[in-house]
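> kindly return the folded structure for what I paste below:
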Amino acid sequence: MKKRRLFARMARSRPGTELIGRFMKALVHALIATLRIRLQLEKEAERLLGDMSCPVILAFWHDQLLLAPLVRKIVPSRPLAILISKSRDGLFATRLAETYFDVEVVQVAHSQRAGALRDTIRGLQEGRAFLITPDGPRGPRHMVKPGILFSAERAGAKIIPYRWQASRSITLSSWDRLHIPLPFSRVTVTCGEPIACLPGMAQEQLGALLASRLSGSS
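Numbering: from 1, shown residues only. Below is the predicted model:
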């Protein structure tokens with residue numbers, strides 16, 4: 001019990017958050033170094049990611065978050081940005097994002113969603129590729145929320161479905177059922193066919209299409 005309280009106090013402090021974030025970064029780095037990674041990029045997705053003039057969103061389910069750093073293998077030089085909650089868990093994610101794979105963090109609070117959408121649209125129009133979990137930060141799991149579709153439509157951005165699959169992995173009991181590949185697994189990283197969110201298109205159909213491609217159903 002005392003150890004649990006000590007950890008909780010550390011997690012609430014800035015130095016504790018920094019320390020835990022660095023430890024998590026080291027663990028993720030060590031895990032990724034053992035993986036045998038194969039990239040599968042759809043041709044149009046590869047073209048868009050390499051063209052700074054094309055606004056792009058890389059979308060993936062929240063349960064795939066652990067291997068988000070692999071995006072840097074696909075987009076080695078283009079500026080990246082990611083939306084992260086201002087929660088305590090989000091502080092850890094911010095530390096990982098900023099220090100591990102050189103990405104700008106746009107922090108989102110429940111009371112500032114409109115501002116986050118403006119920042120996302122502006123960032124897309126300035127050439128950044130945004131990483132967004134459509135079912136984050138707290139679910140429901142595998143349900144596309146409207147923010148990603150609204151941002152893509154307003155910025156004229158294409159949404160590229162990003163997913164990975166490991167030959168061996170475990171699943172946590174968290175709300176998102178986070179997937180963790182086991183060391184030395186074979187991991188296939190896929191960037192699928194881009195989705196265009198044009199004005200006037202039915203949001204329900206776009207959301208269903210995105211969910212299907214994120215889950216590898218089409």
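> burial count for residue 77?
9 (other Cβ atoms under 10 Å). Quick note: C-beta positions are derived from backbone N, CA and C, even for glycine.
> wait, a strand at it?
No. Assigned with DSSP: H, G, I helix; E, B strand; the rest coil, residue 77 falls outside any strand and is coil.
> pLDDT at it, what is it?
Per-residue pLDDT puts residue 77 at 84.
> ditto for residue 55
For residue 55, the model assigns a pLDDT of 95.
> could you do the one 10 residues further on as well?
Model confidence at residue 65, expressed as pLDDT, equals 88.
> which residues does it contact?
Applying Cβ atoms under 8 Å, 6 or more residues apart in numbering, we find residue 65 in contact with 93, 133, 136, 176, 178.
> show me the beta-bridge partners of residue 195.
residue 159 (DSSP bridges).
> is it in contact with residue 207, as I believe?
No. Between residue 195 and residue 207 there is no contact under Cβ atoms under 8 Å: 10.2 Å.
> other SSEs contacting the helix or strand hosting residue 19?
Secondary structure from DSSP states H and E places residue 19 in helix 14-34. For helix 14-34, the packing partners by 3 or more Cβ pairs under 8 Å, 6 or more residues apart in numbering; DSSP states H and E come out as helix 2-12, helix 88-100.
> in JSON lines: the contacts of residue 65, plus distance to residue 74 and secondary structure.
Below are the contacts of residue 65 laid out as JSON lines (distance: Cβ to Cβ, whole Å; DSSP: H, G, I helix; E, B strand; the rest coil):
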{"residue": "93", "distance to residue 74": "20", "secondary structure": "helix"}
{"residue": "133", "distance to residue 74": "17", "secondary structure": "coil"}
{"residue": "136", "distance to residue 74": "20", "secondary structure": "coil"}
{"residue": "176", "distance to residue 74": "22", "secondary structure": "coil"}
{"residue": "178", "distance to residue 74": "21", "secondary structure": "coil"}
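> ok, so of the residues you listed, who is nearest residue 67?
residue 178 (10.6 Å; Cβ to Cβ).
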